[in-house]
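Trainee: 3D model of this:
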Amino acid sequence: MKQKFRGQEFDAEALRARYDAERDKRMRADGNDQYVHLHETTSNWLDDPYTPRIEREAVTRDVEVLIMGGGFAALLAAGRLREAGIDDLLMIEKAGDFGGTWYWNRYPGAACDVESYIYLPLLEATGYMPTEKYARGPEIYEYSQMIGRRFGLYERTLFQTRIHAFRWDAAISRWRVETDRGDAITARFVVICPGHYQNPKLPGIPGVETFKGHAFHTSRWDYGYTGGDSHGAPLEKLADKTVAIIGTGATAVQCVPHLGASAKKLYVFQRTPSAVDVRNDHPTDPEWFRSLAPGWQRERMDNFNLVTTGLPADNDQVDDSWTRVTFEAMCQRTDVGSPQWFETSQLNDFAIMEMVRKRVDEIVKDKETAEVLKPWYNRLCKRPCFHDDYLPTFNRSNVQLVDTAGRGVQRITESGLAVDGIEYPVDCIVYATGFDVTPYAGFSMPVFGRDELSLNDKWNKGATTLHGFHVNQFPNMFIVSTTQSAWGSNFPHMMDEQAHHVAYIVKEIRDRGAGTVEVTSEGEAAWVAHHEELAINLTRVWSECTPSYFNNEGQVSPILKRNGGYGGGVDAFIHILAAWRKDGSMAGLELG
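Mentor: Residues are numbered from 1 along each chain as shown. You can find the predicted model right below:
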């Protein structure tokens, strides 16, 4: 039966049936094992194309805090620790500079898809004004460097260094840190920031190793082959090349317009289409930016979280395609969590996605192409995309969408790719196939706690933590990740909340004269039980979604429930941490 909601007419029962059918077409028994998971020590796909390796002498050093990572999470942890008076710290980063994701992702068109005024952290501390509402990749990378300079982190960082293992030495109450440079480093505390998006992954397509043309992953873009640069210069070396790109997620949505504008021929191989809404980017108004009152960024971040999750909010400060569609329907309600609230939320989701699908029809001229570019799933089952040039690219005569009806590319040959028995000869394959994601990938190096207990062994049935940070039998260790923490659409917001929390605990331990801090087994068990109780709702939602990295490619297991995000949401999690700090008793932790 058809009904109307927010001006859209649809049959909710028919839409749900269509969503289920599209999900089932994409379900695979191998789940996340369908990908080739690259390892740092064995794969040249992970080589750094941006910074030549600099040889150095091994370092022997003892520090108070060692931070693994160089992205926003690590930068924020280091910055907040320094603000708390912790200056004896060392960062270790495998890349050649700060930036994390924004160091590696230099593909053409790379940009944040959450507005830069809330995505770029510490804007009030640095005084920096983003040039646009949605900052481009080079600007975000340069801003990461600015944070490093602002907090004096360059002189406290070993770049181009991979950590091979962390080992707790009870005799000296220190972590021993093993690296690929032969360093002898000990640390009182370690803060592990593995990154939500870890190593790039390749599809496990038969024949991938036989291709004799050129190939690279989007996180290691080869401008030597394509021409152009990360600032958007034309990819002029592709003018006589036939190019294939595998993947139509957020990365492809940003780089496909550049490939389509430059290549002689571009094939876009699609398994599941993205939901692509209006971006409407524009330069920052300096007068508006100067008018913002102190504390504006935290307030704006909080407002974004409330609005995007449909919680009560007085206004929509961000006012873009992330927020507008939800604020109008949900944020004035007072019955949050009721059956009626969830029903309205689903109707609103149907209406949003109907608008997204109609946008495809309005832009893409070829009706067959338009039909297969339409997404059939709930809006947050995959990362929503916002772009004004992606869909028009399929109106170019040199661009062809190859839809695989959810099955993916059949095989790769020496000269191209095959789908449904048809081979598409190409000169180059670009893999826009994403990364191994923290909740499913675990940690990329061994961590050994008390009595040489391996973290991977302890977590073989799923993660056990307090607030996502602390693990019993692993003293003086903090994990900053998405596991058992709350992560919304704006990752740097939660990274900063986590950084504040880590800095608070380290300073408290030092001020109280304690040597170690460790979660008790009871404190760990209580948090895991609370986390799992709330995760039931999330696992139900994930089970209904089309396969993606959000739900471990459809394999919703008890481990996924354990390792996923906090089911109470970002706002609730932030309040839990704030209340814990205000209490002051260090509940759940034991000081030694």
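
Trainee: those helices in the stretch 1-150 of the chain, which residues are they?
Mentor: Remark: helices assigned in the stretch 1-150 of the chain by DSSP state H, counting those that start in this stretch are 12-26, 72-83, 101-104, 116-119, 123-126, 137-150.

Trainee: Out of those helices, which is the most enclosed?
Mentor: Highest mean neighbour count of the helices of the stretch 1-150 of the chain: helix 72-83, a mean of 25 (counted as mean count of other CB atoms under 10 Å). Bear in mind the C-beta positions are built from the backbone N, C-alpha and C, glycine included.

Trainee: Turn the helices of the stretch 1-150 of the chain into JSON lines, columns for distance to residue 459 and mean pLDDT.
Mentor: As requested, the helices of the stretch 1-150 of the chain are exported to JSON lines (distance: least, CB to CB, whole Å; pLDDT from 0 to 100):
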{"stretch": "helix 12-26", "distance to residue 459": "28", "mean pLDDT": "96"}
{"stretch": "helix 72-83", "distance to residue 459": "20", "mean pLDDT": "98"}
{"stretch": "helix 101-104", "distance to residue 459": "24", "mean pLDDT": "96"}
{"stretch": "helix 116-119", "distance to residue 459": "30", "mean pLDDT": "98"}
{"stretch": "helix 123-126", "distance to residue 459": "35", "mean pLDDT": "96"}
{"stretch": "helix 137-150", "distance to residue 459": "30", "mean pLDDT": "98"}
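
Trainee: out of the ones you listed, which comes closest to residue 161?
Mentor: helix 72-83 (13.1 Å; CB to CB).

Trainee: what's the angle from that closest one to helix 137-150?
Mentor: Per axes from the mean of the first three to the mean of the last three CA atoms, to 10 degrees, the angle that helix 72-83 makes with helix 137-150 is 20 degrees.

Trainee: quick one: helix 72-83 to chain centroid distance?
Mentor: 19 Å (CA atoms, centre = their mean, to the nearest Å).

Trainee: Show me the contact partners of that helix.
Mentor: 65, 67-68, 89, 91, 93, 98, 100, 121-122, 125, 144, 147-148, 150-153, 156, 191, 193, 195, 478, 480, 491-492, 495-496, 498-500, 502-503, 506 (CB atoms under 8 Å, 6 or more residues apart in numbering).

Trainee: Give the buried residues for stretch 237-253.
Mentor: By neighbour count on 16 or more other CB atoms under 10 Å, the buried set for stretch 237-253 is 237-238, 241-253.

Trainee: what about the helices in the stretch 401-550 of the chain?
Mentor: 438-441, 455-458, 491-511, 521-544.

Trainee: Any regions of this protein where pLDDT drops low?
Mentor: 39-42, 438-444 (pLDDT under 70).

Trainee: do you know which of the helices of the stretch 1-150 of the chain lies nearest residue 584?
Mentor: Using CB to CB, these put helix 72-83 closest to residue 584, at 18.6 Å.

Trainee: got the domain boundaries for the chain?
Mentor: 2-25+200-279+342-436, 60-98+153-194+442-591 (automatic domain parsing).

Trainee: Reformat these into TSV and put distance to residue 306 next to each item.
Mentor: Putting the domains of the chain into TSV (distance: least, CB to CB, whole Å) gives the following:
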stretch	distance to residue 306
domain 2-25+200-279+342-436	14
domain 60-98+153-194+442-591	6
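
Trainee: Tell me which of those sits nearest to residue 324.
Mentor: domain 2-25+200-279+342-436 (9.6 Å).

Trainee: Return the distance of the closest one from the chain's centre.
Mentor: 19 Å.

Trainee: Residue 139 is nearest to which of the domains of the chain?
Mentor: domain 2-25+200-279+342-436 (9.5 Å).

Trainee: Ends of that closest one, what's the gap?
Mentor: The straight-line separation of the ends of domain 2-25+200-279+342-436 (CA to CA, to the nearest Å) is 41 Å.

Trainee: re earlier: for the helices of the stretch 401-550 of the chain, which one sits closest to residue 336?
Mentor: The nearest among the helices of the stretch 401-550 of the chain, by CB to CB, is helix 521-544 at 13.5 Å.

Trainee: Can I get that closest one in PDB? Just the C-alpha atoms.
Mentor: Output in PDB follows, covering the C-alpha atoms of helix 521-544 (Å, rounded to 0.1, in the frame of the first residue of the first chain):
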ATOM      1  CA  SER A 521      38.500  -8.300  35.200                       C
ATOM      2  CA  GLU A 522      35.200  -7.200  36.800                       C
ATOM      3  CA  GLY A 523      35.300  -3.800  35.300                       C
ATOM      4  CA  GLU A 524      36.000  -5.300  31.900                       C
ATOM      5  CA  ALA A 525      33.200  -7.800  32.100                       C
ATOM      6  CA  ALA A 526      30.700  -5.200  33.200                       C
ATOM      7  CA  TRP A 527      31.500  -3.000  30.200                       C
ATOM      8  CA  VAL A 528      31.400  -5.900  27.700                       C
ATOM      9  CA  ALA A 529      28.000  -7.000  29.100                       C
ATOM     10  CA  HIS A 530      26.600  -3.400  28.800                       C
ATOM     11  CA  HIS A 531      28.100  -3.000  25.300                       C
ATOM     12  CA  GLU A 532      26.700  -6.300  24.100                       C
ATOM     13  CA  GLU A 533      23.200  -5.500  25.400                       C
ATOM     14  CA  LEU A 534      23.100  -2.400  23.400                       C
ATOM     15  CA  ALA A 535      24.800  -4.000  20.400                       C
ATOM     16  CA  ILE A 536      21.800  -6.200  19.800                       C
ATOM     17  CA  ASN A 537      20.000  -3.400  18.000                       C
ATOM     18  CA  LEU A 538      23.000  -2.600  15.900                       C
ATOM     19  CA  THR A 539      23.500  -6.200  14.800                       C
ATOM     20  CA  ARG A 540      19.800  -6.400  13.800                       C
ATOM     21  CA  VAL A 541      20.300  -3.300  11.600                       C
ATOM     22  CA  TRP A 542      23.500  -4.700  10.200                       C
ATOM     23  CA  SER A 543      21.800  -8.000   9.300                       C
ATOM     24  CA  GLU A 544      19.300  -6.200   7.200                       C
END
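
Trainee: Please name every helix or strand in contact with the helix or strand just after it.
Mentor: Sequence order places helix 558-563 as the next helix or strand after helix 521-544, per DSSP states H and E. Counting contacts by 3 or more CB pairs under 8 Å, 6 or more residues apart in numbering; DSSP states H and E, helix 558-563 packs against helix 438-441, helix 521-544.

Trainee: May I see the buried residues of helix 558-563?
Mentor: Result for helix 558-563 [16+ other CB under 10 Å]: buried residues 559-563.
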